[in-house]
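>>> Sharing a model prediction with you, sequence too.
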2 protein chains.
Amino acid sequence: MKKNITITDVAEHAKVSKSTVSQYLNKRYDYMADKTKKRIEEAIHELGYQPNIVARSLKQKSTSTIGVIVANILHTFSTQVIRAIEDYCHDSDFHIIVCNADDNPEKEKKYINMLLAKQVDGLIIFPTGGNTDLYQKMVNNDFPLVFVDRTVHDMKIPAVLLDNEKATSLAVEHFVKKGYSQIGIITTSISRHVASRVERINGFKKALLENSLPVIDNYIKSREVEDIQDALADMLSEEVPPQAILVGNDLALMEILAYVKQHSINVPKDLAIISIDEVSFASLYNPTLTVISQPTFEIGEKAASLILEKLQKKKISESQFNYRFEPKLIIRESC
Amino acid sequence: MKKNITITDVAEHAKVSKSTVSQYLNKRYDYMADKTKKRIEEAIHELGYQPNIVARSLKQKSTSTIGVIVANILHTFSTQVIRAIEDYCHDSDFHIIVCNADDNPEKEKKYINMLLAKQVDGLIIFPTGGNTDLYQKMVNNDFPLVFVDRTVHDMKIPAVLLDNEKATSLAVEHFVKKGYSQIGIITTSISRHVASRVERINGFKKALLENSLPVIDNYIKSREVEDIQDALADMLSEEVPPQAILVGNDLALMEILAYVKQHSINVPKDLAIISIDEVSFASLYNPTLTVISQPTFEIGEKAASLILEKLQKKKISESQFNYRFEPKLIIRESC
DNA sequence: TTGAAAGCGCTAACAT
DNA sequence: ATGTTAGCGCTTTCAA
C-alpha cells in the first residue's frame, strides 16, 4: 500500500501553505488569487490527492454520518425504510452506517456504543426496546436520536411510525365488509416494551368491538417466527375456527403461507388473509394477496429529515414525539 | 450536545498520564501496577468514557472498516452475500459500510472515492464494470480489493463468484431430462465489460450444444428489467415458441411471473421455468419454483476472508484470481 | 512501572 | 491574499 498523499504534499507541490490548500478544499475562494487557485487545482490533479476524511472529522468533531440500527433487517419494511433514509441523507451529503440488531437488545447496545465511538452525528434506531437506560442517556446528552417503526414508552424521543390502530381497523373493516365475523390475528412476538405489537393487537380488539364482534382470546396469537405455524394450527383446531386472519408482518406471512400450502387450505375460501406489509410477490401469488401497506418511503424520509434538522438547529422547537403515517389497504384476491 | 469525555479527562481523573490510559485501553497490562489499572478502570466507568475511534484511526492509519459497494442491492443475492460479509467481518472486529451503486458506474466511482477518503482498509466490490481505470489504480497502489459476483476482464483482482457455466448447464440438463428441447433464456442486461451475463449466456449455448440442441438466437434475450416482459412476449410469439425458459436472476423472475400470471400461462404445462437465484417464495408459489441456488453465504465469507487476509499479510502469496462456487439445482414443480 | 512529547492530516483563528 | 500556529484525541517511541 503506497503512502497516502496529504495536504502537505499538495501545498509543497503548489508552493503555497497548507492553509491555503485547506481554504481551497473548503471552497473559500473569497480572497484567493486566480493563479494560486489554478496551481492548487493542478497539484491536486497531478498528485491524485483525496482529502482524508478521518482527519477532517477529528478536527471538526463531526463525521457527516448517521448511524442506523435496525431491529431486524429481514423485514422488507426495514430495507425499504433504510433505502429512503439513505437517499435523503445522500442528498444532504451525509452517509449512513447500517447495523442489524437481530432483535437482540445486547447487540443493539453494542452497536449503539460502537457508533457513538465512531462519532456518528446522530442515530436512527428501530428500537428493540431493551435499552431504555442507554436511550435515556443519549437524550440527556442532547444526542440526536430518532426512533422508527416503534415508540418506547415514556421516552421523549421522536418516533416515526405507522398508525397501527388505523391499520388494524382498515383490515377488520374489510373483513367485515366481506362478510367475515370470525377473525383472528397472528403476529411475531416482539418485546413488550415496544409499542407496535401492542398497538396492533389493541387496535385489532378495538376494531372488533367497533364492529360489534366479540373479542376471542384464542384468536389472538403472537409468537416467535418459528412458532407461527403452530399458532395457526392451534387456532384452526378450535371448535369454531376463524375464517379470516390478519397477519402482523411479512415474516409471519411467509409462515402462514407455508402452512396454508402444506395443508392445502384454500385461500380465501377456507381462510381469508390480510397481511400488514406489502411483499414483492403479493400480486403474483395465487391468489393475489390483500395487504395493508406502509408508506415506507415517507417514513424513512421523515426520520432522516428529523435527524438532520436536529443536527442543524441543535434545538428542536415545538418537539412533537409521534409522527404517524397512514396505512393503505390494497385489495386483491385473498380477501 | 454535551462535551465528549476524552482520554485526558480519564487520565486526570485517575491521576495518571494519558499514555498510561492508552496502554490500558490497548490491553498492554504487562508492566502496569494493579492499583493503577484499577484506578483507570474506575475513572473510565465513572466518566462513562468511550474512546474516540476517529482519533485512533487517524493515528493508526487504519479504520478497521471495509467498504462494500454493491452493483444492485435489490437482488436477494446481494443482500445475502452482504450479510455473510458482515458476519465474517464482525467476528474479526471489522465494520463494513455498504453502498449501492444502482448499476451505475458513475455512482460506483463516487462511492469508491468516498470510501477511500474515509480511509477504509479495503474494498469489496460487486463491480458495474464501468471503472476499470479506477480499479487499476487501486491495484497499482496495492490497495486491498476483491470483486464479488462478477469478474472484470483482464484485471488481476481476485473475484468470488458462481460457476456460471455450471449453473446454466445444470439448468439445461434438467430441462432436457424433463423432455424439453425448445429452451430459451432471459436475463437482465448488464454491462458488457462484466463477465457474468456473458458467462451465463455462453454457458447456456454451450450446454445446448452439448445436449445436441440447436442454438436459436431469438430464444436468447437480455434486456433491462422494464423490458423483460416484452422480451418474453416476443419470444412466445415466435412461430415455434420455447416450451421452457431459464431466467437469469430474481428480478427477471418477478417480471416473468407477472407476465405469466397476466396471460394465464400455465407453468409448467405451457412454459417450464427454472430461475437462477433462490427466492423467498419459491416453495410457496404455485407451482413451487425450480431454481439454481447460489451459495451466498460461502461467497460472502470467502470475499471477506480474502480481504482480511490481504490486510494482514500485505502480500498475497500464490494469488489466485477466480474463486468459483458450485451452484445447486433445487427441483420443485415449475420444471 | 509510568510519563513527556511528537505527530497522524486537517481546519481555523490570527498574523502579516 | 496567504502563511503561521495551535490543536482535535489518540498512540507510540523514548526517557525517567
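The structure has been received and is ready for your questions.

>>> interface residues of the stretch 1-150 of chain A facing chain B?
A:1-2, A:4, A:48, A:50-55, A:57-58, A:61, A:63, A:73, A:79, A:83, A:86, A:95, A:97-98, A:100, A:113-114, A:116-119, A:137, A:141-144 (C-beta under 8 Å from any C-beta of the partner chain). Glycine gets a C-beta too; all of them are placed from N, C-alpha and C.

>>> Go through those and flag which are in strands.
Judged by DSSP state E, strands contain the following of the residues of the stretch 1-150 of chain A next to chain B: A:95, A:97-98, A:100.

>>> Can you tell me which of the residues of the stretch 1-150 of chain A next to chain B are classed as buried?
The neighbour-count criterion (16 or more other C-beta atoms under 10 Å in any protein chain shown) marks A:50-55, A:57-58, A:63, A:73, A:79, A:83, A:86, A:95, A:97-98, A:100, A:114, A:116, A:118-119, A:143-144 among the residues of the stretch 1-150 of chain A next to chain B as buried.

>>> who are the neighbours in contact with residue A:321?
Going by C-beta atoms under 8 Å, 6 or more residues apart in numbering or on different chains, residue A:321 touches A:151, A:156-159.

>>> Show the model's pLDDT score for it.
Residue A:321 is assigned a pLDDT of 89 by the prediction.

>>> go on, residue A:196?
Residue A:196 is assigned 81 on the pLDDT scale.

>>> Does it lie in a helix or a strand, and which?
Residue A:196 belongs to helix A:195-210 when assigned by DSSP states H and E.

>>> Likewise for residue A:310?
Element membership for residue A:310, per DSSP H and E: helix A:296-313.

>>> Can you identify the element that follows that helix toward the C-terminus?
As assigned by DSSP H and E, the chain's next helix or strand after helix A:296-313 is strand A:322-325.

>>> Listing partners with orientation, what would you give for that following strand?
strand A:159-162 (parallel) (DSSP bridges).

>>> Other residues contacting the partner strand?
Under C-beta under 8 Å, 6+ apart, the answer for strand A:159-162 is A:146-152, A:196, A:294, A:299, A:302-303, A:306, A:321-325, A:327.

>>> Confirm for me that residue A:306 is in contact with residue A:148.
No: using C-beta atoms under 8 Å, residue A:306 makes no contact with residue A:148, being 9.7 Å away.

>>> which one of the two has more residues nearby?
Remark: of residue A:306 and residue A:148, residue A:148 carries more neighbours, 29 against 24, as counted by other C-beta atoms under 10 Å in any protein chain shown.

>>> Next up, the contacts around that one.
A:81, A:124-126, A:159-161, A:299-300, A:303.

>>> Please render those as a markdown table that adds neighbour count to the earlier fields.
Formatted as a markdown table, these follow (neighbours: other C-beta atoms under 10 Å in any protein chain shown):
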| residue | neighbour count |
| --- | --- |
| A:81 | 29 |
| A:124 | 27 |
| A:125 | 30 |
| A:126 | 27 |
| A:159 | 23 |
| A:160 | 25 |
| A:161 | 22 |
| A:299 | 23 |
| A:300 | 26 |
| A:303 | 29 |
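
>>> how about these in CSV, adding distance to residue A:287 and pLDDT?
Shown next, in CSV, are the contacts of residue A:148 (distance: C-beta to C-beta, whole Å; pLDDT from 0 to 100):
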residue, distance to residue A:287, pLDDT
A:81, 28, 98
A:124, 37, 98
A:125, 37, 98
A:126, 31, 97
A:159, 35, 96
A:160, 33, 97
A:161, 30, 96
A:299, 28, 98
A:300, 30, 98
A:303, 34, 98
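
>>> how about the helices in chain A?
Applying DSSP state H to chain A gives helices spanning A:7-14, A:18-25, A:34-47, A:53-60, A:76-91, A:105-117, A:132-140, A:164-177, A:195-210, A:228-236, A:250-262, A:296-313.

>>> For residue A:146, list the residues it contacts.
A:122-125, A:157-160, A:303, A:306-307, A:310.

>>> Pick out whichever of those residues sits closest to residue A:289.
Lowest distance from residue A:289 to these (C-beta to C-beta) belongs to residue A:160, with 25.7 Å.

>>> Identify the bridge partners of the closest one.
Beta bridges link residue A:160 to residue A:148, residue A:323, judged by DSSP bridges.

>>> Kindly list the main-chain dihedrals of the residue nearest to residue A:149 when sequence neighbours are not counted?
Nearest residue to residue A:149, sequence neighbours excluded (C-beta to C-beta, 6 or more residues apart in numbering or on different chains): residue A:126, at 4.8 Å. Here is the backbone geometry of residue A:126 (degrees, to the nearest 10): phi -90, psi 90.

>>> thinking residue A:126 is in contact with residue A:71, fair?
Yes: with contacts counted by C-beta under 8 Å, residue A:126 reaches residue A:71, the gap being 4.3 Å.

>>> From residue B:280, how far out is the closest residue to residue A:255 other than its chain neighbours?
Closest residue to residue A:255 apart from its sequence neighbours, by C-beta to C-beta, 6+ apart: residue A:228 at 3.8 Å. Applying C-beta to C-beta, to the nearest Å, the value for residue A:228 to residue B:280 is 15 Å.

>>> Same question for residue A:320.
Going from residue A:320 to residue B:280 by C-beta to C-beta gives 36 Å.

>>> same check, this time on residue A:279
To residue B:280, residue A:279 is 8 Å away according to C-beta to C-beta.

>>> between those two, who's got more neighbours?
Just comparing residue A:279 and residue B:280: by other C-beta under 10 Å the higher neighbour count belongs to residue A:279, 22 against 17.

>>> Okay, domains of chain A per the record?
What automatic domain parsing lists as the domains of chain A is A:7-51, A:62-161+A:296-324, A:164-294.

>>> can you pull the contacts of the closest residue to DNA strand C within the stretch 151-300 of chain A?
Here the stretch 151-300 of chain A gets closest to DNA strand C at one residue, residue A:158, 28.4 Å apart by C-beta to the nearest atom of the strand. Contact analysis of residue A:158 by C-beta under 8 Å, 6+ apart lists A:146-147, A:306, A:316, A:319-323.

>>> Understood, closing this out.
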